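Student: no sequence on this one, just coordinates:
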């Protein structure tokens with residue numbers, strides 16, 4: 001069963017409560033999304049570490065229920 005954008009946002013928000021999150025569906029199939037996540041918790045972390053934090057928030061759904069997630073992450077300006 002595909003994931004909804006709101007499910008993805010909820011999982012990320014649970015792990016990163018301060019985050020500004022924008023989710024876009026890329027293929028209208030519930031499997032391909034793009035996410036923009038801005039969180040103070042990313043400050044001082046590499047891009048790889050930031051992405052790992054988001055993947056961790058998805059609790060193993062990446063690569064299974066959620067096939068593809070293009071990520072753009074950053075700390076607030």
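Tutor: Cool, got the structure. Bear in mind the structure is a predicted one, so any value in this text is a computation, not a measurement. Residues are numbered from 1 along each chain as shown.

Student: mind listing the helices for this structure?
Tutor: For the chain, the helices defined by DSSP state H cover 5-15, 47-57.

Student: dump the ones you listed to TSV, plus mean neighbour count and distance to residue 28.
Tutor: The C-beta positions use only the backbone N, C-alpha and C, and glycine is treated the same way. Compiled in TSV, the helices of the chain are given as follows (neighbours: other Cβ atoms under 10 Å; distance: least, Cβ to Cβ, whole Å):
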stretch	mean neighbour count	distance to residue 28
helix 5-15	15	11
helix 47-57	16	22
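
Student: looking at those, which is nearest to residue 74?
Tutor: Among those, the nearest to residue 74 by Cβ to Cβ is helix 47-57 (7.5 Å).

Student: direction-wise, compare the closest one with helix 5-15 and give the angle.
Tutor: 110 degrees (axes from the mean of the first three to the mean of the last three Cα atoms, to 10 degrees).
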